[in-house]
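Student: Whatever this is, show me its structure:
(one chain, ligands or ions: 1)
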Amino acid sequence: MPSANAMTDSISSSHTAAPAHHDPLGSLAASICFLDGQYLPLGQAKVSVLDRGFIFGDGIYEVVPIYFRRPFRLDSHLARFERSTREIGLASPLTRAGWREIIDTLVARCGAEHQFIYWQVTRGVARRDFAFPKDAVPTVFAMTTPFARPGAVQREQGLSAVSRADERWLRCDIKSVSLLGAVLARQYAAEHGADEVVQFRDGRLTEGSASNLWVVRDGRLLAPPRSHYILEGIRYGFMEELAATAGVPFEVREMTLEDVRSADELMLTAATREVLPIVRLDGAPIGTGRPGPIYARLRAGYDAAIEALRSPS
Ligand code: PDD
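Tutor: Here you go, the predicted model:
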């Protein structure tokens, strides 16, 4: 009989030893992140296994694009973050000035022209109990990653998507780190050779796994209503502004799968994807199967807003 220790050793070595080449962070390991008051390399940032983010997915996050080393629409992201924390009864541990300072520091240390900042706050480390702990200190984490903006292939050829029933929880308006529903949805797209899912709740269009969706019909830009069934993207309001500037009528409307299939154009928006055309749904073309004219006008407005962040030379 092996000793208890030997058992433990053999179990731990056979279950946790990673292959010698296992290097999940790769070059990211050296990039600077922020964790609980300190700047340190990502590869050295460690959180307790009892962190409620790890145990329950009990936390809130944000993703903000940085262009020409300047945050894009940061105030809106900060406001959404504060709303999300309020909705889950988590006191935001930093002021807006505090977040700005962390973001500015990470952006400067990374140095890349375009980046995106990811930050999250969890309810902290505590004994495993579903109800909120009384004295836990929120865990604060932020990192930045160089941002390869969507390139010519995605812009000019467009994306493909597959439709799917929306199986996520009912508070999709909260930007929670509990993202299993989104993970399963995106994996479904990947397994079907598609870039994104187009989700429907009770037959009504909601959103992608990590993007908002836009339909064009008869020259009008249509979007599902803001509600707890979708996350109101920071690009939701921005697209309304772009449409107004481009003279494209905008309308909020419930839509069915048939409405989407028969649309003239379909698009998605997200911090990391900006605005991109979806030209195929479930293997069939949307409209002409090519990026459409309304997309081109909105994309031009989007690019101009980014270009406005370039420092005057
Ligand atoms: N996701 N809906 C969902 C479910 C999302 O996860 C996102 C963004 C959006 C678009 O929001 P915004 O325009 O503010 O990026 C809509 C981010 C990019 C992510 O989780 O990585």
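Student: From here on, just use CA atoms for contacts and neighbour counts.
Tutor: OK.
Student: contacting residues for the nearest residue to F250 once chain neighbours are set aside?
Tutor: Setting aside the residues directly before and after it, F250 is nearest to L221 in space (Cα to Cα, 6 or more residues apart in numbering), at 4.8 Å. Under the criterion of Cα atoms under 8 Å, 6 or more residues apart in numbering, the contact list for L221 reads W214, V215, A243, V248, P249, F250, E251.
Student: go with 7 Å
Tutor: Contacts here follow Cα atoms under 7 Å, 6 or more residues apart in numbering; on that basis L221 touches W214, V215, V248, P249, F250, E251.
Student: Equivalent analysis for V279, please.
Tutor: Residues in contact with V279, defined by Cα under 7 Å, 6+ apart, are G158, L159, S160, L266, P285, I286, G289, R290, P291.
Student: Of the residues you listed - the most surrounded one?
Tutor: Counting neighbours by other Cα atoms under 10 Å, L266 leads the contacts of V279 with 31 neighbours.
Student: Surely that one and W214 touch.
Tutor: Yes: using Cα atoms under 7 Å, L266 makes contact with W214 at a distance of 5.6 Å.
Student: Can you name the residues of the stretch 51-200 of the chain that neighbour the ligand?
Tutor: For the stretch 51-200 of the chain, the residues in contact with the ligand (Cα under 6 Å from any ligand atom) are V63.
Student: Low-confidence bits of the stretch 51-200 of the chain, can you list those?
Tutor: Low-confidence regions of the stretch 51-200 of the chain, defined by pLDDT under 70, are absent; no residue qualifies.
Student: roughly how far apart are the residue nearest the centre of the chain and the ligand?
Tutor: When the chain is reduced to its mean C-alpha position, the nearest residue by Cα atoms, centre = their mean turns out to be A210, at 5.2 Å. As judged by Cα to the nearest ligand atom, to the nearest Å, A210 and the ligand stand 3 Å apart.
Student: ok but the residue nearest to F250 is inside a strand, no?
Tutor: Yes: note on L221: a strand contains this position according to DSSP: H, G, I helix; E, B strand; the rest coil.
Student: In TSV, list the contacts of L221 along with secondary structure, distance to the ligand and neighbour count.
Tutor: Written out in TSV, the entries for these read as follows (DSSP: H, G, I helix; E, B strand; the rest coil; distance: Cα to the nearest ligand atom, whole Å; neighbours: other Cα atoms under 10 Å):
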residue	secondary structure	distance to the ligand	neighbour count
W214	strand	11	26
V215	strand	15	25
V248	coil	20	18
P249	coil	20	15
F250	strand	17	18
E251	strand	18	15
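Student: now those as TSV including pLDDT and distance to L90?
Tutor: Listed next are the contacts of L221 as TSV, based on pLDDT from 0 to 100; distance: Cα to Cα, whole Å:
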residue	pLDDT	distance to L90
W214	99	32
V215	99	35
V248	98	39
P249	98	39
F250	98	35
E251	98	34
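Student: coming back round to it: residues contacting the residue nearest to the centre of the chain?
Tutor: Contact analysis of A210 by Cα under 7 Å, 6+ apart lists A182.
Student: Next, it: secondary structure please.
Tutor: Relying on three-state DSSP, one would call A210 coil.
Student: With L266 instead?
Tutor: Counting by three-state DSSP, the backbone at L266 sits in strand.
Student: so what's the residue lying closest to it once chain neighbours are set aside bridging to?
Tutor: Taking Cα to Cα, 6+ apart as the measure, L266 lies nearest to V215, with 4.6 Å between them; neighbours along the chain are not counted. For V215, the beta-bridge partners are L222, L266 (DSSP bridges).
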